[in-house]
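Asks: Test case, fold it:
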Amino acid sequence: MIGELAGLARSLPPESTQQAVGYPSLFLLVVVGALVPVVPTGAVVSSAAVVAVHQTSPFSLLFVFVVASAAAFLGDVGLYWLGRRGFRSANGSRWSARLRERAAPERLAAARARLDEHGVVVLVLSRLVPAGRIPVMLACLLARMPLRRFARGAAPAALAWAATYQLVGILGGSLFAEPWEGVVAAVALALLIGAVPAVWRRLRGARRAPAG
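Replies: All right, here's what the predicted structure looks like:
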């Protein structure tokens, strides 16, 4: 995968073409990744930031930040809205069951406890912790949090998330002279950040199994 990204990054189109295609693509990928969490959206934002670092326009990084944060916010609000409709519909139990499958019971219980204690502030932290968004969103749905209140927490969460992964891309773009090198480094780092919690949970589960 890293090799393929390097090949694509070496053949980056001219700056005007990047801007015309890149920002809509960034918006679409982040929205889709928020609705269907299979797209590594953090890596997408970091890659866009790397490309922006090497562009001549002083507003490139600002555009990446605005597009990424807006897309993340709309994706989160859209998923929550769909969740509320699912819980109220006849097939709500089936929908909630599928959503629960993506949130381990202990993580859901911890998310509900933090939500009761800290309120919508937990939404900001859940966006920054890999795989932490779905358990907290499910906890909000189970608590029947109004959409407007959820949106008030999702807005700063999207801003903080976009800024964090953009910083990863800025560091990658600043350390390497060639854009493709920075893209590869930023994508690898973003994927590593996303994979660490899953690896840690598996190691904890493996340790608990012999004890059980």
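Asks: Show me where the chain has its helices.
Replies: Under the criterion DSSP state H, the chain carries helices at the ranges 2-10, 15-35, 41-53, 60-88, 92-101, 105-118, 121-128, 133-142, 147-175, 179-211.
Asks: Of the ones you listed, which shows the lowest average pLDDT?
Replies: Among those, helix 2-10 carries the lowest mean pLDDT, a mean of 46.
Asks: Residue 137 against residue 79, yeah?
Replies: Yes - using C-beta atoms under 8 Å, residue 137 makes contact with residue 79 at a distance of 6.9 Å. Yep, even glycine has a C-beta here, placed from its N, CA and C like the rest.
Asks: more crowded one of these two?
Replies: Ranked by neighbour count (other C-beta atoms under 10 Å), residue 137 and residue 79 place residue 137 first, with 24 against 21.
Asks: any idea what sits nearest that one, other than its immediate chain neighbours?
Replies: Nearest residue to residue 137, sequence neighbours excluded (C-beta to C-beta, 6 or more residues apart in numbering): residue 80, at 6.1 Å.
Asks: what's the burial count for that neighbour?
Replies: With other C-beta under 10 Å as criterion, residue 80 counts 20.
Asks: For stretch 116-132, buried residues please.
Replies: Buried positions in stretch 116-132, judged by neighbour count with 16 or more other C-beta atoms under 10 Å: 120, 122, 123, 124, 126, 127, 131, 132.
Asks: and what of stretch 42-53?
Replies: Here stretch 42-53 shows 42, 43, 44, 45, 46, 47, 48, 49, 50, 51, 52, 53 as buried, counting by 16+ other C-beta under 10 Å.
Asks: okay but the fifth one is in contact with residue 165, surely?
Replies: Translated: residue 46. Yes - with contact defined as C-beta under 8 Å, residue 46 and residue 165 form a contacting pair (5.0 Å).
Asks: Run through the residues that contact residue 144.
Replies: By C-beta atoms under 8 Å, 6 or more residues apart in numbering, the contact list for residue 144 is empty.
Asks: from here on, count from 28
Replies: With 28 as the first residue, the last one maps to residue 171.
Asks: separation between it and residue 107?
Replies: 12 Å (C-beta to C-beta, to the nearest Å).
Asks: residues in contact with residue 76?
Replies: Residues in contact with residue 76 (C-beta under 8 Å, 6+ apart) are 88, 91, 192, 193, 194, 195, 196, 197, 199, 200, 213.
Asks: Which among those residues count as buried?
Replies: Buried, going by 16+ other C-beta under 10 Å: 88, 91, 192, 193, 195, 196, 197, 199, 200, 213, out of the contacts of residue 76.
Asks: now the fifth one: how far from residue 69?
Replies: It refers to residue 195. 8 Å.
Asks: And the first one, by the same measure?
Replies: Between residue 88 and residue 69 the distance, using C-beta to C-beta, works out to 16 Å.
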